[in-house]
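> Please find the sequence and the predicted model below.
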Amino acid sequence: MKTVTVEAASGSYPVHIGRGLLSDPDLVAGMVAGKQVFLISNETVGPMHEAALEKALVAFEISKYELPDGERFKNLEYFSVLLDKMVASGMHRDATIVSLGGGVVSDIAGFAAACYQRGIAHVICPTTLLAQADAAIGGKTAINHSGGKNLVGAFHQPIGVVTDLATLDTLDDRQMRAGMAEIVKSALIADKTFFGWLESHAGEVLARDRQSLTHAIETSCRIKARIVAEDEKETGSRALLNLGHSFAHAIEAESGYRYLHGEAVAVGLLLAAEVAVRVGLADAELVQRIFDLNERCGLPTGIEGLDPGKLAKVMAMDKKVLSGKLTLVLPEKPGSVVLCDSFDPALPESVMREYCR
């Protein structure tokens, strides 16, 4: 088992990475302080993995709820349902939410943990590659709004993350590919050596080679943990983790979440690199390297069936818009990115138009 420690300003917590961890009777149970556990999963993951977790938590009073599966259910309606279920189950302030699933589950469960009785403990058990490499770490929680993705949320760090690599054995190939986008993003932001390694070993990660998979997840976790330790609430360097996300969130929302988050991020990385080339921050070779890696990972390299004008309007509501001005994270080269707001406001739409099919 590997362990990455996240040293956030509000407190530190472990991210355990290994196989068979959900069945460990001491690991998750050791993180729960009170007697009550509220287990949140979804209708796909729950039937596959809840039993192991419930067995490990047999000493606790367990209540549970399975959400419908999908980003479109990460909304105010189902957030309210979760709170209603917790109240009906008599959850006290020393209860612990344990979330089991991908980023959608940990996002909405984490927001419930942040809000219920002004904040209760949350343990995350991520079951997708994207969640294990990125979403489970850092304490960002949110639900979507009709005006855009993740517009309603809070920072609420978990008390621990239990990453059982065995859950990826049942993950479908599309979700595996989507998870690679966040791993590529991490490398682009902070580790040129890791980016080069991915260019050579992406296929092994997608094939679930144990050594390569563990290396990719652990390295991504360490990159994110280091940045979160520097800037827990995104007042500075943590904003760099949004590379590609201003474009991605618009693509997701405008497509009605037809695009998986990682698929939209993959396109967003390309678009951010294109903008970087146009403003003189990067060479065209960088765009080609990202394009080639996306293809190698089976990820999209363009935007299908969406109007770039409408995408630009959605981006105008992005959380990175301050005083009416959009700030983008732009890559200079693998391992180096910068915040930039000194570009023609029409440039993002122009670049998206070139990638729309």
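The structure has been received and is ready for your questions.

> Distance-wise, check Ser23 relative to Pro345.
Counting by CB to CB, to the nearest Å, the separation of Ser23 from Pro345 is 53 Å. C-beta: built from backbone N, CA, C; applies to glycine.

> Compare these two (neighbour count), which wins?
Set Ser23 next to Pro345 and count neighbours by other CB atoms under 10 Å: Ser23 wins out with 16 against 12.

> could you pull out the strands for the protein?
Applying DSSP state E to the chain gives strands spanning 2-8, 11-18, 36-42, 61-67, 96-101, 121-126, 140-145, 148-155, 160-164, 321-322, 325-326, 328-333, 336-340.

> Relative to Ser186, which of the ones you listed is closest?
Smallest distance to Ser186 across the strands of the chain (CB to CB): 10.8 Å, for strand 336-340.

> Remind me what the closest one packs against, helices and strands.
Contact analysis of strand 336-340 by 3 or more CB pairs under 8 Å, 6 or more residues apart in numbering; DSSP states H and E lists strand 328-333 as its packing neighbours.

> strands paired with the strand it packs on, and their directions?
The sheet places strand 328-333 alongside strand 336-340 (antiparallel), with pairing taken from DSSP bridges.

> Now do the buried residues in the strand it pairs with.
Buried residues in strand 336-340, counting neighbours by 16 or more other CB atoms under 10 Å, are found at 337, 340.

> Let me see the residues that make contact with it.
Defining contact as CB atoms under 8 Å, 6 or more residues apart in numbering, one finds that strand 336-340 is touched by 188-189, 192, 239-240, 243, 275-276, 279, 281, 327-332.

> how about 6 Å then?
Here strand 336-340 makes contact (CB atoms under 6 Å, 6 or more residues apart in numbering) with 189, 240, 243, 327-331.

> Now for the residues you listed: which two are most distant?
Based on CB to CB, the longest span within the contacts of strand 336-340 runs between Ile189 and Thr327 and measures 15.4 Å.

> Looking at those two, which one has more neighbours?
Comparing Ile189 with Thr327 by other CB under 10 Å, the one with more neighbours is Ile189, at 24 against 18.

> So what's the predicted local confidence for the more buried one?
Ile189 carries a pLDDT score of 97 in this model.

> same deal with Leu322?
69.

> in the stretch 201-350 of the chain, which ranges drop under the pLDDT threshold?
The model of the stretch 201-350 of the chain has pLDDT under 70 over residues 319, 322.
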